[in-house]
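Chemist: please find the sequence and the predicted model below.
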Amino acid sequence: MSLTEADVRTLLLAACAEPLAAFALGPDDVTDDFDLREHGIVDSLGFLEILADLELRLGHPVDLEGMEPADLTVVGPLVRHLAAQAAGPAPADRPVAFDLDTFGEGRR
């Protein structure tokens, strides 16, 4: 799946639509330097929920390796990273970054 940055931005903002609306914000209010966490749109759990939603929408696991931690919740850097990832190797060639089926098996 080849997606442009505009496509990925649309998917990200769709995944954030409800929390953005709670702050009376729409897609046009979100600039590239908008930090979702800093503005209270997401907390750590909310960010994971958005990543899970993006994985469903993109059709492959989201890999955040290589991103600066401070940029993880900043719209522009996140969109560029995800768009570059979508342009990369086919999903079958990508490692699964987080597997919910095996998560926690070591805790049993």
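Modeler: Structure's in. What do you need? Residues are numbered from 1 along each chain as shown.
Chemist: next, residue 30: phi, psi?
Modeler: phi -100, psi 110 (degrees, to the nearest 10).
Chemist: kindly report the same for the one 5 residues further on.
Modeler: Here the main-chain torsion angles of residue 35 (degrees, to the nearest 10) amount to phi -100, psi 110.
Chemist: show me the beta-bridge partners of it.
Modeler: Assessed by DSSP bridges, residue 35 has beta-bridge partners residue 74.
Chemist: closest to the centroid, which residue in this protein?
Modeler: Closest residue to the average C-alpha location of the chain: residue 51 at 4.3 Å, with CA atoms, centre = their mean.
Chemist: can you name the element that comes right after the helix or strand that one falls within?
Modeler: Assigned by DSSP states H and E, residue 51 belongs to helix 44-58. Counting by DSSP H and E, the next helix or strand C-terminal to helix 44-58 is helix 75-86.
Chemist: what angle sits between that next one and helix 44-58?
Modeler: Angle of helix 75-86 versus helix 44-58, following axes from the mean of the first three to the mean of the last three CA atoms, to 10 degrees, is 40 degrees.
Chemist: pull out the buried residues from helix 75-86.
Modeler: Of all the residues in helix 75-86, those buried under the rule 16 or more other CB atoms under 10 Å are 75-83, 85-86. (Each C-beta comes from the backbone N, C-alpha and C, glycine too.)
Chemist: show me what that helix packs onto, helices and strands only.
Modeler: Packed against helix 75-86 by the contact rule (3 or more CB pairs under 8 Å, 6 or more residues apart in numbering; DSSP states H and E) you find helix 5-15, helix 44-58.
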